[in-house]
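J.: structure here, sequence nowhere to be found:
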């Protein structure tokens, strides 16, 4: 990638707008953009990559408290550190000084909350599906062709049994999805482009549920 392309990519994922979706990294950003393109989601919001999960929560707090906060803030986070329940508790703790009332657990269709005060509308999507602990790669696994993904998982397991792997167990889903993608046309495609190229299917139930959440949140 050229310097100009790199700068353009970074600017696309650093949009500080009145309606903004906070994500952890560039990969998250491009997965969202690919799904929005596939489903013709209007460009009513910007995407801001915060560099980490802690960075997302810190920026959420900073945006709520600044003099002219955004109208709507969406938050997309992995739920693998330490768990879905732990992540939800960390969000609740971050919001305890405001007037939001979070449900006891995330909404399966994506959580949206409004304040009784003059505070932004908030939305939360915990990867992969607001129901189980996981990360972006687990979400993308739901977009893969099931039989091919199952074989990719078998291959990773066999490689591990032969002591050919060095990945940490928490990163198993990364190993599996990238094994799957290595068999597709243009095997070096990142996750977002894999969606654009249909190697990851943008019309699965989970992908539709996610884009419906975006539409409801930023409408």
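T.: Alright, I've got the coordinates. These figures come from a predicted structure and were not determined experimentally.

J.: residue 79 against residue 125, yeah?
T.: No: here residue 79 lies out of contact with residue 125, judged by C-beta atoms under 8 Å, at a distance of 9.5 Å. Placement of C-beta: from N, CA and C, glycine included.

J.: low-confidence regions, this protein specifically.
T.: Counting by pLDDT under 70, the low-confidence segments of the chain come to 1-10.

J.: select the longest helix from it.
T.: Selection of the longest helix in the chain by residue count, based on DSSP state H, yields helix 146-161.

J.: quick one: list the elements packing against that helix.
T.: In this structure, helix 146-161 packs against helix 172-181, with contacts taken as 3 or more C-beta pairs under 8 Å, 6 or more residues apart in numbering; DSSP states H and E.

J.: which phi and psi does residue 105 have?
T.: Phi and psi for residue 105, reported as degrees, to the nearest 10, are phi -140, psi 160.

J.: run through the residues that contact it.
T.: Contact criterion C-beta atoms under 8 Å, 6 or more residues apart in numbering gives 85, 88 as the residues in contact with residue 105.

J.: against residue 78, how distant is it?
T.: Residue 105 sits at a distance of 17 Å from residue 78 (criterion: C-beta to C-beta, to the nearest Å).

J.: tell me the buried residues in the helix or strand hosting residue 54?
T.: Secondary structure assignment for residue 54, by DSSP states H and E: helix 53-65. Along helix 53-65, these residues count as buried under the neighbour rule (16 or more other C-beta atoms under 10 Å): 53, 55-57, 59-60, 63-64.

J.: against residue 41, how distant is the residue nearest to residue 179 when sequence neighbours are not counted?
T.: Closest residue to residue 179 in three dimensions, ignoring its sequence neighbours and counting by C-beta to C-beta, 6 or more residues apart in numbering: residue 152, at 4.2 Å. Between residue 152 and residue 41 the computed distance is 29 Å (C-beta to C-beta).

J.: comparing those two, which residue is more hemmed in?
T.: Set residue 152 next to residue 41 and count neighbours by other C-beta atoms under 10 Å: residue 152 wins out with 22 against 17.

J.: which residues does that one contact?
T.: For residue 152, the contacting residues are 144, 176-177, 179-180, 183, taking C-beta under 8 Å, 6+ apart as the criterion.

J.: which residue of the chain lies farthest from its centroid?
T.: Note on the chain: the largest separation between a C-alpha and the mean C-alpha position, by C-alpha atoms, centre = their mean, falls on residue 162 (32.6 Å).

J.: state the phi and psi torsions of that residue.
T.: For residue 162, the backbone dihedrals (degrees, to the nearest 10) come out as phi -100, psi 10.

J.: the residue nearest to residue 58 when sequence neighbours are not counted: neighbour count?
T.: Nearest residue to residue 58 in three dimensions, chain neighbours excluded: residue 50, at 7.4 Å (C-beta to C-beta, 6+ apart). Each residue near residue 50 was counted by other C-beta under 10 Å, and the total is 21.

J.: with neighbour count and distance to residue 199 as added columns, please give the contacts of residue 152 in CSV.
T.: Putting the contacts of residue 152 into CSV (neighbours: other C-beta atoms under 10 Å; distance: C-beta to C-beta, whole Å) gives the following:
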residue, neighbour count, distance to residue 199
144, 21, 8
176, 24, 14
177, 25, 10
179, 18, 13
180, 25, 8
183, 13, 9
